[in-house]
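> Please find the sequence and the predicted model below.
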Amino acid sequence: MKPHLLLPVLLAGTFGAAQAQQTTPPAGKPEDTEVYKPVPPVVAPGKTSADPPADAIILFDGKNLDQWVSTENRDAPAKWTVGGGAFTVKKDQGNIETKRSFGSYQLHLEWRVPAGISGTGQGRGNSGIFLASIGKGDLGYELQILDAYQNPTYVNGMAGSIYKQTAPLANPARKPGEWQTYDVVWTAPTFTAAGGVGTPARVTVFFNGMLVQNNTVLTGPTRYIGKATYEQAHGPAPIKLQAHGDKSEPLSFRNIWLRELPAAAQ
């Protein structure tokens, strides 16, 4: 056989052996890998993807802030302005957060930057969702809210970013005055008995229906200056909304609901 004919013959022989190996039936029966229990619960979905399913916890129904408190004083009610089926940031009242604490969850939230907003960069409709609030002020893990429509800023601080950690995969922001949607899957971090990190926090975010964070691993709670790190163990935590100190017109929120999810395995 000529040398240049040897390679095709060898490749054909290798392919034939691989094909024979792939078609060899595995040992056992199909039933060996069929799982019947536990049966997933039946949950009636909402009429649209924005509507809460039957098992959702309603965090804002358009009427009141009964599910929220002041971050600085958890014994005090949230005092942001409610009206027209939405509520609006009241900056002089500080951040607000949920009465309840949560581990891992699925969250739906809608927000709107006012039409005709002023300011540029980080001074334009700035707020944030702290997916787990672990202290007063701006402590926790922040998913940034900001006007991102033709408003350049640092990419790990734009809407859809995990603030100062991970930029979004795309910018699907609508114009100011239009409602924006976040759909979030938050996997809470776990910690060992000694206080070390068992599994880091992870988050998936859809921004106006577009994937912008794909099971992103967080390196720790948000820091404005310096790298994020895990410095203290914590359990379930409230969800916090930020009353940012920029001078632009305050933004609004509506239709907030949550589904609790099983805890991450360590």
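Cool, got the structure.

> Against K91, how distant is T120?
18 Å (C-beta to C-beta, to the nearest Å). (Glycine included, C-beta is placed from N, CA and C.)

> R74 now?
With C-beta to C-beta as the criterion, R74 and K91 are 19 Å apart.

> Three-state assignment for L143, please.
strand (DSSP: H, G, I helix; E, B strand; the rest coil).

> isn't it right up against V205?
Yes: counting by C-beta atoms under 8 Å, L143 touches V205, with 6.4 Å between them.

> if we can go back for a sec, more neighbours, R74 and K91?
K91 (16 against 12; other C-beta atoms under 10 Å).

> Excluding chain neighbours, what is closest to the more buried one?
Nearest residue to K91, sequence neighbours excluded (C-beta to C-beta, 6 or more residues apart in numbering): A243, at 4.7 Å.

> The one you found belongs to a strand?
No: judged by three-state DSSP, A243 forms no part of a strand; its state is coil.

> so where do the strands sit in the stretch 1-150 of the chain?
In the stretch 1-150 of the chain, the strands defined using DSSP state E, counting those that start in this stretch lie at 57-60, 68-70, 81-83, 86-88, 96-98, 105-112, 127-133, 140-145.

> Turn the ones you listed into TSV, including distance to P172, mean neighbour count and mean pLDDT.
As requested, these are exported to TSV (distance: least, C-beta to C-beta, whole Å; neighbours: other C-beta atoms under 10 Å; pLDDT from 0 to 100):
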stretch	distance to P172	mean neighbour count	mean pLDDT
strand 57-60	23	19	98
strand 68-70	27	20	98
strand 81-83	28	13	97
strand 86-88	21	19	97
strand 96-98	26	24	97
strand 105-112	14	20	98
strand 127-133	17	25	97
strand 140-145	14	26	97
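
> pLDDT below threshold where in the stretch 151-266 of the chain?
264-266 (pLDDT under 70).
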